[in-house]
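**Q** Structure of the sequence below:
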Amino acid sequence: MFNIDEKPTFTRTVTVQVPKGEGHDAQTFKASFNVLDDDEFDAITLGDAENLKAMLRKMVCGMEDLANAVGDAVPFSEEILELMLRKSYVRVALVRAYYSGAIEDRAGN
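**A** Numbering: from 1, shown residues only. Purely as a prediction, here's the structure:
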C-alpha cells in the first residue's frame, strides 16, 4: 500500500565545506526539509542567489546541531535560517542534501 502524504518531510545530515585557510573544513548539521513539488523544484536556479534563497526558505523547516563560535548550542529560528542562507557554501550544501534525500535516495528503492 502507498500512503499519500500531501506534505512529506525528511531529515538529512548536511555536510558543509567551510572555506578555511588554503582549504576547507567539513562541518555537519542536520536539516529537515519539506518536499517540494516537481514544478517548484525545477524552478531553482543555482546561479541566482535570491531565487535559490527563496526556494530554500520553502524547503528548510528545521536545523539541529548548530553551535556558535564558542560551541554553545544555537536553536533553529527564522533569523538563523537567514544567517545561514547568506553563505553560498551553506546554500550549496543544503541543495545537495535535499537532492540526495528527495531524489537520489529513491533510485535505490
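**Q** what sits against the most centrally placed residue in the chain?
**A** Nearest to the centroid of the C-alpha atoms of the chain, with distances taken as Cα atoms, centre = their mean, sits L94, at 2.7 Å. Counting by Cβ atoms under 8 Å, 6 or more residues apart in numbering, L94 makes contact with 14, 31, 56, 59-60, 84. Where C-beta positions appear, they are placed from N, C-alpha and C, glycine not excepted.
**Q** Equivalent analysis for T45, please.
**A** Going by Cβ under 8 Å, 6+ apart, T45 touches 51-52.
**Q** how about it, secondary structure?
**A** Secondary structure, DSSP: H, G, I helix; E, B strand; the rest coil: T45 is coil.
**Q** And A97, by the same measure?
**A** Under three-state DSSP, A97 comes out as helix.
**Q** gap between it and F29?
**A** Distance of A97 to F29, computed by Cβ to Cβ, to the nearest Å: 10 Å.
**Q** more neighbours, these two?
**A** Neighbour tally, A97 and F29, criterion other Cβ atoms under 10 Å: the higher count belongs to A97, 24 against 20.
**Q** Closest one of the contacts of L94 to D25?
**A** Checking the contacts of L94 against D25 by Cβ to Cβ gives V14 as the nearest, at 14.2 Å.
**Q** which residues does that closest one form a beta bridge with?
**A** On the basis of DSSP bridges, V14 is bridged to F29.
**Q** With the one 5 residues further on instead?
**A** Beta-bridge partners for P19, by DSSP bridges, are H24.
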